[in-house]
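Visitor: quick one: sequence plus predicted model below, questions after.
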Amino acid sequence: MRFIIGFLSGVLGMLAGWAGLAALVIALAGPDRDGGIAMGAFFNIGPAGGLIGFVAGVLLFVKFGAVTQAITSAQATSPPDAERSDVASATAPAPAIPPARKRVSPIFAVAVLLVTGGLAWWGWYELIRSPYLSHGYMTLNLQFKLPSGMALPADSTDVHASVDEGGQHADVLLGRAWHGTVGDRRVILATISLSMKTRHRVVHLEIPGVPEQTWQVDLPNDPDPTPGYSPWRLASGNPAAKIEMNFSLTSDH
């Protein structure tokens, strides 16, 4: 048991040292657009922190995790009988005192097991229950229908659309055929790739002369492709502009 707790304590120290040193290097290096600094810090510098952390974790176990077990009164031998003669008492060999034994501190062991269990669950969630969509990357097709009589923006660069997906912010792409018509109303067409399992997906649209419009995308955490486009909906943040949006989701497979 002592070996297991000591080893786990070293492993936890290794993970903390590895991640901590890499994070420190990234913080000191400043902005990193292409991710090269982060990769180098994690794979090239992080192992040094992991080695230091492993040694520190084992030393913490030796200092706080392994405690000396006190000898109880029941373990000590009883004193010689009072009726024995002085000679017998003097010649009798001294009782052997058993050596103190080491045992694992229950508090330290529980703390190590709880942290290890939490990290194991997180790793299982990330690796087995992937945060990415089961279908892989999926295409969200968006249509923004302008009010009757409203003209399209002069150029596609005047249209700024984006999607928040589980805390990630990504710009929507407008292709060459970025507009169309439904009846007498003009429609802006856009697409974006989705990849994350999340219930939080919000579409944003900004065009000249109109306040920012937002729509909550009603899709489950891990959606399947939709059979067609959703019904048209007014923006939730500022519906006075009368711009409507609908969407469809297709698999990239």
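Guide: Yep, that arrived. Residues are numbered from 1 along each chain as shown.

Visitor: for T214, see how far away Y125 is.
Guide: For Y125, the distance to T214 (CB to CB, to the nearest Å) stands at 30 Å. All C-beta spots, glycine's among them, are computed from the backbone N, C-alpha and C.

Visitor: these two: who's more crowded?
Guide: A direct count of neighbours by other CB atoms under 10 Å for Y125 and T214 places T214 higher, at 15 against 11.

Visitor: buried set for the helix or strand containing the more buried one?
Guide: For T214, the host element (DSSP states H and E) is strand 210-216. The neighbour-count check on strand 210-216 (16 or more other CB atoms under 10 Å) flags V210, Q213, W215 as buried.

Visitor: try stretch 127-135
Guide: L133, H135.

Visitor: give the rounded mean pLDDT of it.
Guide: For stretch 127-135, the mean pLDDT works out to 80.

Visitor: and for stretch 167-181?
Guide: Stretch 167-181 comes out at a mean pLDDT of 89.

Visitor: restricting to C-alpha, output the strand or helix carrying G117 in PDB.
Guide: Take DSSP H and E as the rule and G117 turns out to sit in helix 106-127. Only the C-alpha atoms of helix 106-127 are listed here, as PDB (Å, rounded to 0.1, in the frame of the first residue of the first chain):
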ATOM      1  CA  PRO A 106      -5.100   8.100   6.000                       C
ATOM      2  CA  ILE A 107      -5.600  11.800   5.200                       C
ATOM      3  CA  PHE A 108      -2.700  11.800   2.800                       C
ATOM      4  CA  ALA A 109      -3.900   8.600   1.100                       C
ATOM      5  CA  VAL A 110      -7.400   9.800   0.700                       C
ATOM      6  CA  ALA A 111      -6.200  13.100  -0.800                       C
ATOM      7  CA  VAL A 112      -4.000  11.300  -3.300                       C
ATOM      8  CA  LEU A 113      -6.700   8.800  -4.300                       C
ATOM      9  CA  LEU A 114      -9.300  11.600  -4.700                       C
ATOM     10  CA  VAL A 115      -7.000  13.700  -6.900                       C
ATOM     11  CA  THR A 116      -6.000  10.600  -8.900                       C
ATOM     12  CA  GLY A 117      -9.600   9.500  -9.300                       C
ATOM     13  CA  GLY A 118     -10.600  13.000 -10.500                       C
ATOM     14  CA  LEU A 119      -7.800  13.200 -13.100                       C
ATOM     15  CA  ALA A 120      -8.600   9.600 -14.200                       C
ATOM     16  CA  TRP A 121     -12.200  10.600 -14.800                       C
ATOM     17  CA  TRP A 122     -11.200  13.700 -16.700                       C
ATOM     18  CA  GLY A 123      -8.800  11.700 -18.900                       C
ATOM     19  CA  TRP A 124     -11.500   9.100 -19.500                       C
ATOM     20  CA  TYR A 125     -14.000  11.900 -20.500                       C
ATOM     21  CA  GLU A 126     -11.500  13.600 -22.800                       C
ATOM     22  CA  LEU A 127     -10.100  10.400 -24.500                       C
END
